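**Student:** Dropping the sequence and predicted coords here.
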Amino acid sequence: NRHLAEVRFHTGITENDILAFLGLLKMDPQHLAKAGGFEVQLWELQVDTITVLEVRTKVVDADIPENAEGEMPAQVAGEPWPPKADRIEEIIAGAFGGRPRDQRLLVRIAESPKLISAYFKETLSGRGARPAVAWLSRQLSSLAHAVYQELPGEQPIFFRSLAEALGSLEPALRARVLCEKVLPDARHDEALAMIVRQMSIEEVCQALAQGLADGHVSEEGIARAIRNLALVNLSSREEVVVAAASAMQAAGVDEETAAKVTQSAAPSRIEVSERAAEQGRQPLDEVLRLADLAVVSKREPENDPKRAELAAAIRRGFTDGDVTAALVALITLDNRSTPFANIMSIIEDSAPYMLKRGDYEEAAELADALTAAVSDETLTAPQKKRVSEVLASLAKPDEMRQVSTAMRVFPVGSVEHEACRRLLRRLGSHAVEPLLEILADEPDMTARKAIIDLVTGIATEFVGDLGARVSDPRWYVVRNVVGILGSTKDPAALPYLSRTIRHGDARVRRETIRAAATIRDRLAGEMLIAALADDDAQNVQLAARYLGASGDRSAVPALAQLANGEGAGNRDLAPRIEAIEAMGRIGSPDALPTLEALVSKRTLLRSSETRELRAAAQAALGTIRVRRSGGEVPGSE
């Protein structure tokens, strides 16, 4: 009856405030309604620590806005609304002075982007550029911190309102505020970071690019802003840089300037200054001395292996891999938006340089840590996506080319070689495509073989990823893929090989025949039988040879047809002889009529070709009869 929807008790509440609220509950509901309801009565009783939301029913025409601006005017008892700019100044000062009423009023102001925008524009008129940037940044920060205290479920509404007000500013001023204050401070200020996250990457980049095009923001300033945006936003730095480049192009920034900005924001290489000459071993010796002075149990001998291990660890020091792997562990311990974005930005910066420096062990450790993080249930889907993108960055063509080179240079069993193998296993499907591209471009036969061996080593786990490449328009790429699929000897590869057995290039079909012959499966046998109808003589001969070696009796009818020179496909002398020999190796009685007919047919005696066919048939018959007399027929159970 009192139409209460929600009651909130705020920090600083007193016993008298609660008693006043309970006293209102004792009032007759109709009398309370005539007196203005709970909210008005609480204001009159000067109770600022309890807020009440009442149920209201209102019939409106959906086609007509609430007022000329299309917004509901927020009415506050005893407060002119909307407040003027000077009144808003007082409310902001009072809210940060701890006055609950002003705190509530400030939240209501933050609900309306048009009210905030009007306040900004009215106050900024007549100010110079730099005072305007400083004042606006300060007020925006105050508003952000005020609404940051509200319930998490309501915060996005307020922060979106502040983001819209920021977006309504004059372009030059908006760009400077973003570059000089909001983005740098958002790295360590979660309230400001929430405003930035309510804006899309494209929206922020367009504002920055326009500022650069108009000369209000320097190249260095926008590059720094792009880096800060990557730290604050959940997207990767690569995505932010792409969006910034697109925005600069749309804003009319020349290509050279845009390239300089993106290179500065995300450098593709680093300049490493030469280290100063070593100053002896004094620092290390001092650390070891302190370790020796540590309190140890008297039972521990002087040559305790743990002490030796500690000394070795001190001498080695911390590697980049140790630090980066520790950072990856941190993102799973604290996945809040700002810490996660900050740490991921550091990881994204350091990861690409590990392989360039030859730190294969460190790169493998990083891949282990990233793989574990991707499967961590505490991370959100966008966070997992960003971690996965860093893992994929270790598998770019340049990095994979370096890994393949290292595996050729370092001997099998060495620390470096094993680290590269571990890295490839962790990269998994990310590494398959870059390695295939490197293989396609590699002119040296020895290097190609090494890369094929490299991919073959991980192929059994990624048959599907490899199979997806059989539709590549380059025949030599498909041939390489087919050869690697065959090396797996996995029946899962057969659906992909069944497509390449009909490939337009004879060399691909030949490699498919070889691959199918390595797989013990009924479908593989059917593919070899189908290959007997190939137009290429070499392919037909190869398929017949593999069928003979397999001992597959179901192939005898097709081999007999080939031996007689009948049916589709190439029927030159060499494939026919191969088919005859294959029937002899299979040893099936079903082959005897065909072989005997070839021997007895008199027309076969008129040329050298027919003499070769007759000789092959006689040899095959002899093989079958000898084996049958011994009671052993190949291919039988």
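**Tutor:** Yep, that arrived.

**Student:** Please identify the buried residues of stretch 9-18?
**Tutor:** For stretch 9-18, burial by neighbour count (16 or more other CB atoms under 10 Å) applies to 13, 17. Quick note: C-beta positions are derived from backbone N, CA and C, even for glycine.

**Student:** Need the mean per-residue confidence for that stretch.
**Tutor:** What stretch 9-18 shows for mean pLDDT is 86.

**Student:** what do you get for stretch 508-518?
**Tutor:** Average pLDDT, stretch 508-518: 92.

**Student:** helices and strands around the helix or strand hosting residue 109, which ones?
**Tutor:** Under DSSP states H and E, the secondary-structure element containing residue 109 is helix 100-110. Taking 3 or more CB pairs under 8 Å, 6 or more residues apart in numbering; DSSP states H and E as contact, the helices and strands that helix 100-110 lies on are helix 85-96, helix 113-124, helix 129-147, helix 155-167.

**Student:** what comes into contact with the helix or strand residue 408 falls within?
**Tutor:** In this assignment (DSSP H and E), residue 408 forms part of helix 397-409. For helix 397-409, the surrounding residues in contact (CB atoms under 8 Å, 6 or more residues apart in numbering) are 352, 355-356, 358, 360, 393, 416-417, 420-421, 423-424, 431, 434-435, 437-438, 447, 450-451, 454.

**Student:** Please pick the buried ones from the residues you listed.
**Tutor:** Buried members of those, scored by 16+ other CB under 10 Å, are 352, 355, 360, 393, 416-417, 420-421, 423-424, 431, 434-435, 438, 447, 450-451, 454.

**Student:** how about a markdown table for the helices and strands packed on helix 100-110, with mean neighbour count, mean pLDDT and distance to residue 590 added?
**Tutor:** As requested, the helices and strands packed on helix 100-110 are exported to a markdown table (neighbours: other CB atoms under 10 Å; pLDDT from 0 to 100; distance: least, CB to CB, whole Å):
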| stretch | mean neighbour count | mean pLDDT | distance to residue 590 |
| --- | --- | --- | --- |
| helix 85-96 | 17 | 77 | 96 |
| helix 113-124 | 18 | 80 | 86 |
| helix 129-147 | 18 | 75 | 86 |
| helix 155-167 | 20 | 82 | 77 |
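
**Student:** can you redo those helices as TSV with distance to residue 506?
**Tutor:** Listed next are those as TSV, based on distance: least, CB to CB, whole Å:
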stretch	distance to residue 506
helix 85-96	80
helix 113-124	68
helix 129-147	69
helix 155-167	62
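
**Student:** Now do the host helix or strand of residue 435: distance to the chain's middle.
**Tutor:** Using DSSP H and E, residue 435 sits within helix 429-441. Taking CA atoms, centre = their mean, to the nearest Å, one finds the center of helix 429-441 at 17 Å from the center of the full chain.

**Student:** Please flag which of the buried ones among the contacts of helix 397-409 sit within strands.
**Tutor:** With strands taken from DSSP state E, there is no overlap with the buried ones among the contacts of helix 397-409.

**Student:** Where does the residue nearest the centre of the chain sit, in terms of helix or strand?
**Tutor:** Note on the chain: the residue nearest the mean C-alpha position is residue 389, at 2.9 Å, using CA atoms, centre = their mean. Element membership for residue 389, per DSSP H and E: helix 381-393.

**Student:** Show me what that helix is in contact with.
**Tutor:** Helix 381-393 has contacts (CB under 8 Å, 6+ apart) with 234-236, 238, 328, 331, 335, 340, 344, 347-348, 351-352, 367, 370-371, 373-374, 376, 379, 399, 426-427, 430.

**Student:** likewise stretch 106-123?
**Tutor:** Residues from elsewhere that reach stretch 106-123, judged by CB under 8 Å, 6+ apart: 69, 71, 74, 76, 82-85, 88-89, 91-92, 95, 135-136, 139, 143, 146-147, 150, 157-158, 160-162, 164-165, 168-169.

**Student:** re earlier: can you flag the buried ones in the contacts of helix 381-393?
**Tutor:** Using 16+ other CB under 10 Å, the buried ones in the contacts of helix 381-393 are 234-236, 328, 331, 335, 340, 344, 347-348, 351-352, 367, 370-371, 373-374, 376, 379, 399, 426-427, 430.

**Student:** so where's the stretch 151-300 of the chain shaky on pLDDT?
**Tutor:** Residues of the stretch 151-300 of the chain that meet the criterion pLDDT under 70 lie in 151-154, 233-235, 267-300.
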